[in-house]
Each structure stands twice: as C-alpha cells, then as structure tokens.
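# Based on what follows, work out the 3D shape:
(one chain, ligands or ions: 1)
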Amino acid sequence: MNPALTQFGDRMSHLTGVRAIMKDIKETLQAGAGQEFINLSPGNPVILPEVEQLWRDCTKELLDSSEYGKVVCRYGDSQGYEPLIEAIATDFNRRYGLNLTNRNILITPGSQSLYFYAANAFGGYTTTGELKQIVLPLSPDYTGYGGVTLVPQALLAYKPTLDIDAAAHRFKYRPDFSQLEVNESTGCVLFSRPCNPTGNVLTDEEVRKIADLAANYDVPVLIDSAYGPPFPALNFTEMTPIFGDNIIHCMSLSKAGLPGERIGIAIGSESAIQVVESFQTNMCIHSSRYGQAIATRAIASGMLANISETVIRPYYQKKFDVVENTLEQAMPKDLPWFLHRGEGAIFAWLWLENLPMTDWELYQQLKKVGVIVVPGSSFFPGLREDWQHKNECIRISLTATDEDIEVGMQRLAKVVQEVYSVVSA
Ligand SMILES: Cc1ncc(COP(=O)(O)O)c(C=O)c1O
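Purely as a prediction, here's the structure:
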C-alpha cells in the first residue's frame, strides 16, 4: 500500500538530523562483522549501577504498595500523576524559593514531545495566516529541534559568536545579541542548557537577556534543561536554573537513568501550561503512569537529586577530562583544533578550523580506523546561512569507557594530522 501523504504526513515520515546518521551508524556496526568499532556516537546514557538500583528500589516500593492498581489499571489526569506534580512543586519551591502550585507543572511522555507541542502551539501559522517563528538563539543546538515543527520554515536559528582561546585550543559559543531578533513574528524561543551537542552552558546573564527580549513581545522561552540541575545535574560549571513568567522550564528524566519510561516535565505559567496540556490531551491523553509513580518516589525522597550530584555528574565529568587530556597529548599543537569548553551534558564538541574536507568525509575516514563519531553538520537545525564552520565540527560521546575514549582520541588525532598534511604537502 502506498497511500498519498499530506504535507504533515510527508514531513513527519522523514527522519531529520542525527536520526538519519544514526541509521548509517547502525548499518556500519551491523555490516562490520569482525571489525571492532569504538563507538563515540551514542546519546543513550550509560547504565550506572547506583542509578539502576534506585529505579529498581522505587519500582519494588511501587509494586509492594496498594497504589499499584490505581497507577497502572486506571487512566489519569492529562496534566500528570498528582503525587509526582506535588513532589516536583515541593522540591522546586524549597530548592529555588518558588511559589509553584500544581497548575504550573505538566508531565509529558519524554521532553521531545513537549517541544513538539510547544513548537506547534506557538510556532507556525496563526489563525490569521501570519508565520510565527521558533527562534533558536544559539546554533548549533539539539538536532531534535529540526523535527519538532510541522512547518519547517518556522524554524530560525542564529549564528553565534565564537570566544576563542587559540593558545589553549579551546573555544565557547556565545549568543550574538547584535544579530538576535525577537519580535512580533516570534512564536517562541528554544535552547538547551547545558547544550547537546556542544556542552555549552549559557550564562545566567545571557539567559535573562534572552528572556527579557522575549518578554517584550509576550513570547514564551523554552529552556531545555535535559542535562540541567537538580537532576540529572550534568552541569560541570555553576549554573542557576532561571524561572520567570514567560519561561517554560523543561526537564527530562532520560539522562537521570529513565529514558525508557519517557518522562518530561514542564514548569511555567498556568496559561502556557494549559496550552501544552490541551495539546497533550488531544495527542495521547497522558504520559505513562508507571514511570511517573516511580519518579515520584525518587524525587520526593531527594534520592534522585543526590545520585545526580554524587554519581551521574562525576561520571561524565571524568569522561570529559579523559577526552581533554588525550587530545591535549595527541593532537598536534600547530593545527587549528578547538575543543568546546566542557561545561555540561554528555558530549564533547571538537571544531577543526579550515578542515580540508567536510565533517561527513572526516566521519567516513574515522570509520576506516574503527572510530565512530557524529558529524557536526546535523546540529544546526534552522540555520539558513552558509557557514563553513557547520562542516568543521564533530560530536564525541562521553558514554564510552575511558580506554575507548583514549584510543579513539589517539586515532582521531592521527587521522586529523594526515588530513591536514595532505593539503600542506
Ligand atoms: C537537549 C535534549 N533535549 C531533549 C532531548 C529529548 O529527551 P527525552 O525526550 O528523552 O526527554 C534530548 C535527548 O537526547 C536532548 O539531548
């Protein structure tokens, strides 16, 4: 059967960004029988024993409680499982001095779905036919944003400025406030903090500035805190979650060890929460209640925040150190390589200035020496202008073993040296 597709059907039946590359990676791994690959591509979190045990304990507690039947044998409220909403409100009010009520919180099946609701509720064509943009203020950013809108022309990303420390081979992206426009045609603003793929953390001041620009036009700002504190707390630098009337603070339990249960959390004004809640009711009624019930226990006991700080964060921070130290030793000092400051998330981001080939070609070269990374060009959704930099970066996952990261970085350094030397020869 080959049914005709609508515009939306056509759009949603294609994979975007990194999902398309993941297919190539999967095929490479399957075809390479006998060849050992060092896979530095995954975004899937590592199963850490303490984290798995926490979820096991919470599950056992649920199974042993009289609540079990109510949780899995009944439909619930679209907004989410009441005890979970209560636990989040109590935790955040205490931790950050807020006055959240249960009307400020929505639970979604993973945070990706939350971006889909918001991108299409606030971005796209209005009832009077105006195009409202979904502004990504700092590109590169999460590749998944490329697939969230039904109206692709609504997505608009801005090129950053680069803060380069040439002697140290380090750099950091910053929003370019001289270019960034938030105005009457902006529907919403969206960015990740800490950022997948770069590990960047926008400063508190940068976030406030973006939120203030948006507040002038009553535009919601979605701050994707999938890696932020208090869970999974994958920030390696100090950062304060920023709340505000036009801010929708978005979280995910995926990197806190629960990606299979699909739990996203939105915290925002009652009116914004109501909009996305209705979207959710229409789409899927509500998120799975089993995951929500075990999350309630992990959050209310304080265990999730605790394990995030004492286990999850140090685990990945140490992996970043391994990337950094190995590149420091193995990469030629005279080549223009720049590692993005490792401020959080579970990736390292490497920029190779004036790379004599594309990032995709470099990815292919690395496959030949048994190393798989993700070409960086898939992380610029919505960035319309030509920019050579888009083809000069790679994303390196921090989910591999120390040894694999070390060997992978050594091989990478060798390939990079060869690639640049061909041009200078
Ligand atoms: C920055 C960012 N946002 C959102 C997501 C989606 O997470 P989930 O839908 O599992 O909550 C991811 C997943 O990797 C991510 O890296």
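# tell me which residues of the lowest-mean-pLDDT helix or strand in the chain are tucked away?
Between all helices and strands in the chain, the lowest mean by mean pLDDT, DSSP states H and E belongs to helix 18-31, at a mean of 81. Using 16 or more other CB atoms under 10 Å as the test for burial, helix 18-31 gives Val18, Ile21, Met22, Asp24, Ile25, Thr28. (Glycine included, C-beta is placed from N, CA and C.)
# Between the two ends of stretch 332-347, how far is it?
22 Å (CA to CA, to the nearest Å).
# and that stretch, which residues are buried?
In stretch 332-347, counting by 16+ other CB under 10 Å, buried: Leu335, Trp337, Phe338, Leu339, His340, Arg341, Gly342, Glu343, Gly344, Ala345, Ile346, Phe347.
# Surely the fourth one is within a strand?
Yes. The assignment for Leu339, made by DSSP: H, G, I helix; E, B strand; the rest coil, places it in a strand.
# Go ahead and confirm it touches Leu352.
No. Using CB atoms under 8 Å, Leu339 is not in contact with Leu352; the gap is 10.3 Å.
# Return the residues in contact with the residue lying closest to Ala293 once chain neighbours are set aside.
For Ala293, ignoring the flanking residues on the chain, the nearest one in space by CB to CB, 6 or more residues apart in numbering is Val71 at 4.5 Å. Residues counted as contacts of Val71 (CB atoms under 8 Å, 6 or more residues apart in numbering) are Leu62, Tyr81, Arg289, Tyr290, Gln292, Ala293.
# Please identify the helix or strand for the last one.
In this case it means Ala293. Assigned by DSSP states H and E, Ala293 falls within helix 289-300.
# What is the neighbour count of Glu403?
10 (other CB atoms under 10 Å).
# Are we agreed that it is in a helix?
Yes. Read with three-state DSSP, Glu403 is one of the residues of a helix.
# Please shift the residue numbers so they start at 622 in all later answers.
Let's use 622 as the start, then, which means that last one is Glu1024.
# Check the gap between it and Leu650 for me.
19 Å (CB to CB, to the nearest Å).
# For the spatially closest residue to Gln774 that is not a sequence neighbour, which residues are in contact?
Nearest residue to Gln774 in three dimensions, chain neighbours excluded: Leu752, at 6.8 Å (CB to CB, 6+ apart). Residues in contact with Leu752 (CB under 8 Å, 6+ apart) are Gly745, Tyr746, Val772, Gln774, Ala775, Ser806.
# Quick check: the third one touching Gly750?
Spelled out, that is Val772. No. Taking CB under 8 Å as the definition, Val772 is not a contact partner of Gly750, at 12.0 Å.
# Look at the two and report which has more neighbours.
Val772 (19 against 6).
# which residues pair with the residue nearest to the more buried one when sequence neighbours are not counted across the strands?
Leaving aside its sequence neighbours, Val772 sits nearest to Gly745 (CB to CB, 6+ apart; 4.0 Å). Beta-bridge pairing for Gly745 (DSSP bridges): Lys753.
# How many neighbouring residues does Gly745 have?
20.
# can you check Gly690 too?
9.
# which bits of this protein sit near the ligand?
664, 731-733, 763, 765, 813, 817, 845, 847, 873, 875, 880, 885 (CB under 6 Å from any ligand atom).
# Could you find the lowest-pLDDT member of these?
When the residues of the chain next to the ligand are compared by pLDDT, Gly664 scores lowest at 88.
# Ala847 is in contact with that residue, correct?
No. Distance between Gly664 and Ala847: 10.1 Å, which falls outside the contact criterion (CB under 8 Å).
# Identify the contacts common to the two.
Asn817.
# So between these two, which is more surrounded?
Neighbours were counted for Gly664 and for Ala847 using other CB under 10 Å; Ala847 has more, 26 against 21.
# doesn't that one fall inside a strand?
No. Using three-state DSSP, the assignment for Ala847 is coil, not a strand.
# That one and Phe812 touch, don't they?
No. Using CB under 8 Å, Ala847 is not in contact with Phe812, being 11.4 Å away.
# Quick one: residues in contact with stretch 627-642.
Contacts of stretch 627-642 (CB under 8 Å, 6+ apart): 626, 644, 662, 664, 764-765, 767-768, 771, 773, 984, 995-996, 999-1000, 1002.
# switch to 10 Å and redo it
624-626, 643-644, 646, 662, 664, 737, 741, 763-773, 817-818, 981, 984, 993, 995-996, 998-1002, 1016 (CB atoms under 10 Å, 6 or more residues apart in numbering).
# Now, of these, which are buried?
643, 646, 662, 664, 737, 741, 763-772, 817-818, 984, 993, 995-996, 998-1002, 1016.
# So which of those residues belong to strands?
Counted as lying in strands by DSSP state E, out of these, are Ile993, Val995, Pro996, Arg1016.
# Could you save these as JSON lines and add columns showing pLDDT?
Listed next are those as JSON lines, based on pLDDT from 0 to 100:
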{"residue": "Ile993", "pLDDT": "96"}
{"residue": "Val995", "pLDDT": "96"}
{"residue": "Pro996", "pLDDT": "96"}
{"residue": "Arg1016", "pLDDT": "98"}
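# Return the closest of those residues with respect to the ligand.
Arg1016 (10.9 Å; CB to the nearest ligand atom).
# Return the residues in contact with that closest one.
639, 661-662, 664, 761, 764, 817-820, 961, 968-971, 980, 994-997, 999-1000.
# Relative to Cys871, how far out is it?
Applying CB to CB to Arg1016 and Cys871 gives a distance of 21 Å.
# what do you get for Leu976?
Distance from Leu976 to Cys871, by CB to CB: 34 Å.
# what does Leu843 give?
Taking CB to CB, one finds Leu843 at 6 Å from Cys871.
# Now list whatever residues contact both of these two.
With CB under 10 Å, 6+ apart, Leu843 and Cys871 have common neighbours Ser732, Leu735, Tyr736, Ala739, Leu811, Ser813, Ala887, Gly889, Val897.
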